[in-house]
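Q: Provide a 3D model corresponding to the input given below.
(2 chains)
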Amino acid sequence: MKQEKSDLLQGTLDMLILKVVALGPIHGYSISQRIQQISKDVLQVQQGSLYPALHRLENRGWLDAEWGETETGREAKFYSLSKAGKKQLALETANWARLSDAIALILQTAE
Amino acid sequence: MRLLHLLFRKRLAERQLDKELRFHLEQQIDDHIAAGMTPEEARRRVRIEFGGLEQIKEECRDSRGIRWLDNLVQDIRYAVRMLRSNPSFASVAVLTLGLGLGVNTTLFTFLNAGLRPLPVRDPGQLVEVQSSVQREQGFSRPSYPDYLEIRDHSQAYSGVIAMTRASLTMGGARGEPQEPAQAHLVSGNYFSVLGVQAILGRALTPNDDRGLVAVLSYGFWQRRFHSDTGVLGKTLLLNFRPYTVIGVMPPEFIGTKLTSIDVWIPLTLDSEVNKSQVEVVGRLKPEINISRASAELSVISKRLVHQFPETNAASSFVLESASSLVTPSPYLTPLIATAMATVGLVLLIACANVANLLMARSVVRRKEIAARLALGAGRSRLVTQLLTESTLLALLGGGLGIVFAISMSRVVLREIVRAIPAEAGTFYFNIAPDYRVFLYAFLLSLATGIVFGLVPALQASKVDLASALKLDGASAGRQGRRSFFATRDLLVVVQVSVCLVLLIASGLAVRGLILVLTTDPGFQTSNMILLEFSPDRLGYDAPKTIAFERRLDARLKAMPGIESVSEVEVFPLVSQRIVPIDVPGRVARYNRVTANYFQTLRLPIVRGRTFSAAEMATGGRVMLVSESTARNLWPGQDPIGKCLGYGKAYSPPSEVIGVVRDARNAMLWQVDDLYLYLPLSSDAAFTESFLIRTRSDPKFIMGGIRSEVQALELRMPIFLHTMDQAIGLQVSIFRIAAKIAGTLGILALLLTAVGIYGLMAYTVTQRTREIGIRMALGAGRASMMRLVLGQSCKLVIIGAGIGLVGAVVFIRIWSSLLLNIELLDPLTFAAVTGFLFGIALLATYIPARRATRVDPMVALRYE
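A: You can find the predicted model right below:
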C-alpha cells in the first residue's frame, strides 16, 4: 500500500524531508507543497506517508517540533532540524550522491 | 521514567496529532478555494486526496514507538477481565503454579541465605588461606604461627584475622549444671577487619587480647538471656573462667562460615594456641587482586616450610574467596545443580498442567479468537495477548509461591535445627527473603509464563477462520483434535515420567531412612556410652592427665553396670580421621584404639589378633585392617604380615597383625573400603575419649559415670552421651531428606493426577457425541470403558518407561554426589511405578465412568 502511494524510493522521503526542513522551521503542509514545487510536480508526497515519516523522524530525535502560528493565523506544528538531524542529512546526502553516481556510471558504460 | 512520561503524555499527543492533521486539511481546502473551487467541492477533493484519516493516525502512532505500551496496557486489562470471568480456571492455574514456583523459591531462599555476601563491610575483599594439601578432606589449616607470619609479613591485606572453633563448658561452678557452649576464639582485630558493629555494647578489639571478655551471638543472647539488655557486664563461666559480657552481635552476623555460634572470645587466651590450627581470613587491599595475593602467599609458605619444618613440610597455602557463608566448590556446585533440577522438575509438571488447561480453554475460545482474527488482529498481536494472559497467571502464581516459600523455608529450617543436637550450639541461619529472592521468583514466574503459555498461544492462533466461525464448539474441538491432541498427549507423558522420577527418588530416600534406622553398622551401638573429657581446659599437663585417666579408668571398670571400657582417638560414627597411605592416590579412614576396643564394640576380629600390651605401651608399628581393606589392597593374598605405610612420608610402615570384620565406621550408609585400626599412644591429648559398654540401659548408668568423674575432679568438662544419641544426627539427615523428597513426590503425584484427570475428562467431553453414536449402535459399557482407559494407559506406559530410565540416571547422579551408596532398589522402583499406575487409572476412571453413563439420546443432541 505504502509503496503505491509514494513514488519515492524507500528511505528517500526521509532525506527529502530533512533537506526541506533544513531551510528553516516549517509545518507539514508546507513540506509537501515545497517538495512538489521544487521537484516541478514530479514528486508528490501523500499525507499517509508524510505524517508517519515526520513522527518517526521526530521520535528518532532528528527533528525538533514546536507549535506556532502561520501567516494565516492558524496554529500549526513547525518542524526544524536538530543537531543529530543535520548529521543524518549530511550522511544521507553523501550516500545518495555516491549511489546516484554509481547508477549513472553503470547506465553510461552499459550503452 | 520514560514509560510514565509517555503514558502521561499520551492524551496530549493524541490531541496534537488530531490538530496537526486537521490543520493540513483546512490549509489544503483553503488552497483549493483560492484556486477557484467552491468550498463543498474543495472539501470533497481533499477528503478523497487524504484517504483514511484514522489509518494515517494509526501509522503516526506506530511511528512514535509507544504502540507496544498501549498494547500492553490493553492486553493486561483484557487478561484481567478474562481471568475474572473464569475464576475456577484462574484459581486452579494460580494454585498449581504457586506450588511449583513456591518449591523452587524455597530452595533458592536457602541457597541465597548461604551464598549471599556476608553481612560485613566489602565482603568481596575477603579471602581465606587454606592449605592445598588434602583440601578435599578439608582438615588442614594454617597453624597460629603461620597466621602470625602471614599477618606480619604480607603486604596484600589491610587486615588478617584468625579464628578457631571450640566447644566450651559453660557454668559448672559449685555443682551448678554444666552445658556446652560453642565459641569462636578470634583474634582481637576480628570485628574491626570484618567491619561488624555490635547491636548492644561493643565488639572485641585488639586491646581485649588478654582480657576475659565475651561477645554473644544474637541467637544465644535470645535463648540464654531472653534478649535482656542488662546482660552487659554480667559474668559467664566458660571452662571455669569468668568472662565478662561486653556486647551482642546483630542477628545476621554468625561469623564467616555456616556454623553454630554462641560466643566470641579472644583467641590468645587459649593455652594451646600455638599448636592449634586456625581459620585465617584476610581482607585484600582494594588495589590487590586474589592472584597477586596468591603469588605473595606462595613465597611466604615456602619460607614457612623452612621455619616450621615439622608442621609445614608437606603443605603450601592457597587463597580462596570467603565472601559468603558457603563458597561454591567442586563438591557443592553439582549438588546445588541437581537439587535445583529436582525442584525444577516439580515446576515442569505444574507448567504441563497449566499448559493443558490453557489448551483445553483455547478450544472453547476458538470462536472468540477467530472473531478477533477476522476483525483484523495480527497473529503476533494475538499471541502476545495470550502470552500476557499466561504471564499474568504466572506472576499471580509467583506471588503465591513467595508466600508459600516463606512459610515452607521456616518449616524446613525448624526441621534442620531440630535435627542438630542442642550441645552443638545455637544454630542461626537468616532465611528472611531479600530482594534477590523476590527477583528470582519474579524472573522465574516470567519465564514460566512464557514456557507454559507459548505452545498453547501458538496453537490457538492457528485457526482456520471460516470453519471456526461457522462451527459450534464441540465440532470445532474435534476438528482441532489432531494437532491439539499430539501436544496434550505429550504433556501427560512428560508429567508421568517426571512424576515417576520424583516419586522413585522419594521412595528411595524413605528406604534409605529405614535402612539407616535398621541396619547394623557392624558393631552393637546399643548399651554404649561415649565419654569425653578435656583435662587441658583445666590446665592439666601430660603426667597429670595420664594419672587422671588411669584413676578414672579403674573407677569406671569397678562400676557394677559397666562391662568394659576402652579408649579411642575419635568415636566411630561421630567423627572421622583420614590419612594418606602408601598406595598412590589413596587415603584411608582410621582410628586409634586400645587393645580391648574390638571386644567393647563387639566387633569381631576374623583373622589374627589385637594389639599386645607391649605394642600398646611402645606404640609399635602394627595395625589391624578391615576385611574390605585387605580385599582392596591385597586381593587373594593373606593380609597378615603385610606392611603398609601411612601418614607423613609413610614411614616406617606398619605390619598388619589382624583383620576385623567390615563395619560402617564413618557413615551409617557405607561400609568403609579402607579402614585402619592403629594403636592409641599413651600420650596426653587435648581431649580424652572413653568408649564404655554397659550391661543394661545406659541411661541409668550415665549419672553414675558423671559422679565418678566429678569425684576425681569436680570441674572437669565432660561430654556424655549414649552412642544412639550421638549418631542421631546421621539418622536425622535421612529423616529430613525423606520428608523433603516425600513432600515433593506427593506434590508431583497430585499435580500429575490432576493433569491426567483433566486431559481424560476433556477428551471424554469432546467425544461425548461419538460415544453416544457408538452406544446407540450397540457398543457396550465395557468397550466404552476400554476405549477411554486404553488411551490413558498408553500414555502412562510411555511416560513410565521414560520415567524409569530417567530415574536410574537421576538417582545415579544423586547417589554418587551425596551418599556413595547403591540405591537402585528394584522393589522401590516396582512399588512406586505400580502406585503411579493406580493413581493414573483412578484419575482416568472417573471421567471414563461418565462416558459410559452417557445416554445416547442426550449425547446425540449434545452440541
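
Q: ok, now which ones touch the residue nearest the centre of chain B?
A: Nearest to the geometric centre of chain B sits residue B:107, at 5.5 Å (Cα atoms, centre = their mean). The contact partners of residue B:107, by Cβ atoms under 8 Å, 6 or more residues apart in numbering or on different chains, come to B:339-340, B:343. No exception for glycine: its C-beta is placed from N, CA and C like everyone else's.

Q: does it belong to a helix or a strand, and which?
A: Per DSSP states H and E: residue B:107 is located in helix B:87-115.

Q: what does residue B:384 give?
A: helix B:379-419.

Q: okay, the angle between that helix and helix B:87-115?
A: Computed with axes from the mean of the first three to the mean of the last three Cα atoms, to 10 degrees, the direction of helix B:379-419 lies at 50 degrees from that of helix B:87-115.

Q: How far off centre is helix B:379-419?
A: 18 Å (Cα atoms, centre = their mean, to the nearest Å).

Q: does any part of stretch B:17-24 sit near chain A?
A: Yes: Stretch B:17-24 is in contact with chain A by Cβ under 8 Å from any Cβ of the partner chain, via B:17, B:19-21, B:23-24.

Q: which helices and strands does the longest helix anywhere in chain A pack with?
A: Secondary structure of chain A per DSSP state H: the longest helix is helix A:83-110. Helix A:83-110 sits against helix A:12-21, with contacts defined as 3 or more Cβ pairs under 8 Å, 6 or more residues apart in numbering or on different chains; DSSP states H and E.

Q: C-terminal to the helix holding residue B:384, what's the next element?
A: Using DSSP H and E, the next helix or strand after helix B:379-419 towards the C-terminus is helix B:435-461.

Q: Would you mind pulling up the elements that that following helix packs against?
A: When contacts are defined as 3+ Cβ pairs under 8 Å, 6+ apart, helix B:435-461 packs onto helix B:87-115, helix B:332-364, helix B:366-374, helix B:379-419, helix B:481-518.

Q: So which residue is dead centre in chain A?
A: Nearest to chain A centroid, counting by Cα atoms, centre = their mean: residue A:17, 1.6 Å.

Q: you'd agree that one is up against residue A:53?
A: Yes: in this structure residue A:17 lies within contact range of residue A:53 using Cβ atoms under 8 Å: 6.0 Å.

Q: For chain A, what lies in contact range of chain B?
A: A:27-29, A:46-48, A:51-53, A:55-56, A:58-59, A:67, A:70, A:72, A:74-77.

Q: The same query, at a cut-off of 7 Å, please.
A: Contact residues (Cβ under 7 Å from any Cβ of the partner chain) of chain A with chain B: A:28-29, A:47-48, A:51-52, A:55-56, A:59, A:74, A:76-77.

Q: any low-confidence regions in the stretch 301-450 of chain B?
A: Within the stretch 301-450 of chain B, the segments meeting pLDDT under 70 span B:309-315, B:329-331, B:420-426.

Q: on that earlier part again, now, the residues of chain A next to chain B that are in helices?
A: Members of the residues of chain A next to chain B lying in helices (criterion: DSSP H): A:28-29, A:47-48, A:51-52, A:55-56, A:59.

Q: got the phi/psi numbers for whichever residue of the stretch 351-500 of chain B sits closest to chain A?
A: Here the stretch 351-500 of chain B gets closest to chain A at one residue, residue B:376, 14.0 Å apart by Cβ to the nearest Cβ. Per-residue torsions, residue B:376: phi 110, psi 10 (degrees, to the nearest 10).

Q: Counting neighbours, what do you get for it?
A: Applying other Cβ atoms under 10 Å in any protein chain shown, we find 7 residues neighbouring residue B:376.
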